[in-house]
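Chemist: Compute the structure for the input listed below.
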Amino acid sequence: MISATALWRASLFVLCVIPPIATFVRAGNDESRPALAVVISVDQMRADYLERFAPWICEGGFARLVAHGAVYSECRYGHAGTKTAPGHATILSGTHPSIHGIMANEWIEPDTWQGRVAVEDAEAPLVGITPRAWRSPGGVIEAKEGRSPRSLLATTVGDQLKIRHGAGSKVFSASIKDRSAILMGGKLADGAYWTENGRFITSTYYRSELPSWIAAFNERQLVEATFGRRWDRLLSREIYDRVQGPDDAPGENSKWGLGRTFPRTIDGGTGQIGKDFYDAWYVSPFSNDVLAEFVKAAVKAEGLGRSTYTDLLCISFSQPDGIGHYAGPDSHEIMDSMLRLDRTLADFLEFLESEIGLDRCVVVLTADHGCAPMPERVHSFDRPGVTAGRIEGATLDALVGGSLAAAYGEPAENERWFIRDNDGYRLSREVLDAHAVPIADAARVVRDALLSFEAIETAFTREQILGPVSTPDSRLLKLVRNSYPPARGQDVVFVVRPFVIVNFSLGGTHGTPWDYDTHVPLVFMGGGAPVGENIEPVGVVDLATTLAPMLMVPAPPEAVGRRLF
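Modeler: Next up, the predicted model:
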């Protein structure tokens, strides 16, 4: 039997090999077409990092992009659920989660109440790692379920390149995280690669076996070579203290043998290569270096920048997100990570200069989301009237459950009124029907219960989210609407107040519509992009609609952004 994925890809094959009768191209010629477009996402990079750390960045990294690019300093996401998968799906589709369908990193399926990962696909098994093929001194490494972009409901710039030019354009994507690589690459990418336990892998959605150059790259064991390596600050401690505050700050994590202060030894704390080591490596800046080496190898081995038409390389540096969750945005750790990534980026741009020529490239810098200040830092100012703190999801569950029980009685022992799903609740239609309770009524009970809780800013029912837009619509409702795919959305969605974190007892996180989560960098360098800073408000959805005509292809059909230049 042919899988649904195979049928879908086969149906698009015709589009890739038969030139469309009518095409849209930018005024220009093949000589003005970039040889390579490189879209870089720095996971959890807040917009203010470019300014905050500017005195200590080098000339060839972030500073090179800023000095020679179009800098949009007021760029924001237009959706509420600012998490990794929705952000990376938005970057090159130019549309919101309400359209592209990626509402979170994982969610509960409304019909089955079974959890699913955004890029999960049992019909696309992993390629390059299996439990029997890869062992560590710590024991057998379990392989995950398969992965693909099946859940992505929108088209990307990379898809447009493939539809327009077929094999004449190559599209590759790479990250430490599977969802980042897969969702930036789109549905027609030639390859999407990510790491599992120190190896770059893919899935059968893309190919049946790893290319020989990736197998050879994995044999070099660059990840394992960092075992026992020391991570210390690039600059003097006094600079970090002045910019970020104390190294050992309340709320920071302490696991994987990393502790809470510099210096650190990257060994997982167990003395052997295993899961804890790979976790420690991921949150260390050394993972950025390995990823950069991998994409350099990809450029050479796949001949990127040497195709008939423009090639696209998507890179997502995941490490800042890992260390941001570990220690927060005001830590020594995040500052040092960004400074080291700056040096890694400078080296990569020099590589592009020597290999292809930056004058033949377009480079775009952005991020998938920002990060909230840790509540402990907000509390340290000891000011009245500031709501900041950490709450457990179980606390909200008890509130919601108590309100439903008060309204309709206790459910039977084997019944559940609801299940929490990200920042929302799903109600059991079966149980509500059995008790003759209209779901709309129950949703209002849940909403009102959440609104009574001090840490909740607002909450909306499905009816409110999908109902007519008021004039003027509330800002938060608009952002929630943009995060809400109707076929996958919850029955009630809530928004926490600023500086409130749910279900993280330590470290930092993101996922809200507040400015610290939505405000990200956006820089275009090359391809005729105007040089200089622009302070007009723009959206990440504008990235795809601006980049596509630079590559002489139509913008993705579902895109809602505007062309910036």
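
Chemist: hey, let's count contacts and neighbours off CA atoms from now on
Modeler: Will do.

Chemist: Just grab the bridge partners of the nearest residue in space to Ala47 that is not next to it in sequence for me.
Modeler: Among residues not flanking Ala47 along the chain, Val520 sits closest, at 4.2 Å (CA to CA, 6 or more residues apart in numbering). Taking DSSP bridges, one obtains Cys75 as the residues bridged to Val520.

Chemist: My guess is Val520 contacts Arg76. True?
Modeler: Yes: applying CA atoms under 8 Å, one finds Val520 in contact with Arg76, separated by 5.8 Å.

Chemist: between these two, who's got more neighbours?
Modeler: The neighbour count for Val520 versus Arg76, taken as other CA atoms under 10 Å, is higher for Val520 (30 against 27).

Chemist: who's in contact with that one?
Modeler: 45-48, 74-77, 366-370 (CA atoms under 8 Å, 6 or more residues apart in numbering).

Chemist: Please apply the same query to Leu404.
Modeler: Taking CA under 8 Å, 6+ apart, we find Leu404 in contact with 410, 417, 442, 445-446.

Chemist: Can you lay out those residues as JSON lines showing pLDDT and distance to Arg488?
Modeler: Converted to JSON lines, those look like this (pLDDT from 0 to 100; distance: CA to CA, whole Å):
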{"residue": "Glu410", "pLDDT": "90", "distance to Arg488": "27"}
{"residue": "Trp417", "pLDDT": "94", "distance to Arg488": "18"}
{"residue": "Ala442", "pLDDT": "98", "distance to Arg488": "19"}
{"residue": "Val445", "pLDDT": "98", "distance to Arg488": "21"}
{"residue": "Val446", "pLDDT": "98", "distance to Arg488": "19"}
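
Chemist: Just the buried residues from those residues, in PyMOL please.
Modeler: To isolate in PyMOL the members of the contacts of Leu404 that are buried, counting by 16 or more other CA atoms under 10 Å, one can use:
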select buried, resi 417+442+445+446
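
Chemist: Out of the contacts of Leu404, name the ones that lie in helices.
Modeler: Judged by DSSP state H, helices contain the following of the contacts of Leu404: 442, 445-446.

Chemist: Go through these and name the one nearest Asp289.
Modeler: Nearest to Asp289 out of those is Val446 (CA to CA; 46.9 Å).

Chemist: Next, count neighbours for the closest residue in space to that closest one that isn't next to it in sequence.
Modeler: Distances taken as CA to CA, 6+ apart place Val400 nearest to Val446, at 5.7 Å, with adjacent residues excluded. When neighbours are defined as other CA under 10 Å, Val400 has 22 of them.

Chemist: Quick check: Glu269 is in a helix.
Modeler: I think there's a mix-up here, since residue 269 is Gly and not Glu. No: secondary structure assignment (DSSP: H, G, I helix; E, B strand; the rest coil) places Gly269 in coil, not in a helix.

Chemist: what number of residues lie near it?
Modeler: A count of nearby residues for Gly269, using other CA under 10 Å, gives 17.

Chemist: from the contacts of Val520, which would you call buried?
Modeler: 45-47, 74-77, 366-370.

Chemist: want to throw these into JSON lines with distance to His510, pLDDT and secondary structure?
Modeler: As requested, these are exported to JSON lines (distance: CA to CA, whole Å; pLDDT from 0 to 100; DSSP: H, G, I helix; E, B strand; the rest coil):
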{"residue": "Met45", "distance to His510": "11", "pLDDT": "98", "secondary structure": "coil"}
{"residue": "Arg46", "distance to His510": "11", "pLDDT": "98", "secondary structure": "coil"}
{"residue": "Ala47", "distance to His510": "14", "pLDDT": "98", "secondary structure": "coil"}
{"residue": "Glu74", "distance to His510": "19", "pLDDT": "98", "secondary structure": "coil"}
{"residue": "Cys75", "distance to His510": "17", "pLDDT": "98", "secondary structure": "strand"}
{"residue": "Arg76", "distance to His510": "14", "pLDDT": "98", "secondary structure": "strand"}
{"residue": "Tyr77", "distance to His510": "13", "pLDDT": "98", "secondary structure": "coil"}
{"residue": "Thr366", "distance to His510": "16", "pLDDT": "99", "secondary structure": "strand"}
{"residue": "Ala367", "distance to His510": "13", "pLDDT": "98", "secondary structure": "coil"}
{"residue": "Asp368", "distance to His510": "11", "pLDDT": "98", "secondary structure": "coil"}
{"residue": "His369", "distance to His510": "7", "pLDDT": "98", "secondary structure": "coil"}
{"residue": "Gly370", "distance to His510": "7", "pLDDT": "98", "secondary structure": "coil"}
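
Chemist: Show me how this protein divides into domains.
Modeler: 4-376+514-527+546-550, 389-497 (automatic domain parsing).

Chemist: Can I get the ones you listed in CSV including distance to Ser505?
Modeler: CSV is the format used below for these (distance: least, CA to CA, whole Å):
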stretch, distance to Ser505
domain 4-376+514-527+546-550, 8
domain 389-497, 7
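
Chemist: what's the closest of those domains to Asp382?
Modeler: Closest to Asp382 of the domains of the chain, according to CA to CA: domain 4-376+514-527+546-550, at 10.2 Å.

Chemist: centre of the chain versus that closest one, how much separation?
Modeler: 8 Å (CA atoms, centre = their mean, to the nearest Å).

Chemist: which residues touch the closest residue to Tyr77 other than its chain neighbours?
Modeler: Nearest residue to Tyr77 in three dimensions, chain neighbours excluded: Thr518, at 4.9 Å (CA to CA, 6+ apart). Counting by CA under 8 Å, 6+ apart, Thr518 makes contact with 76-79, 82, 369-370, 512.

Chemist: Out of these, flag the one nearest to Asp423.
Modeler: Thr512 (9.0 Å).

Chemist: what about the closest one, is that helix, strand or coil?
Modeler: coil.

Chemist: give me the number of residues near it?
Modeler: A count of nearby residues for Thr512, using other CA under 10 Å, gives 30.

Chemist: which helix is the longest one in this structure?
Modeler: Counting residues, the longest helix in the chain under DSSP H turns out to be helix 332-355.

Chemist: Surely Asp382 is in a helix?
Modeler: No: remark: Asp382 does not belong to a helix; assigned using three-state DSSP, it is coil.

Chemist: Could you tell me how far it is located from Cys75?
Modeler: Separation of Asp382 from Cys75 (CA to CA, to the nearest Å): 31 Å.

Chemist: same deal with Gly115?
Modeler: 32 Å.
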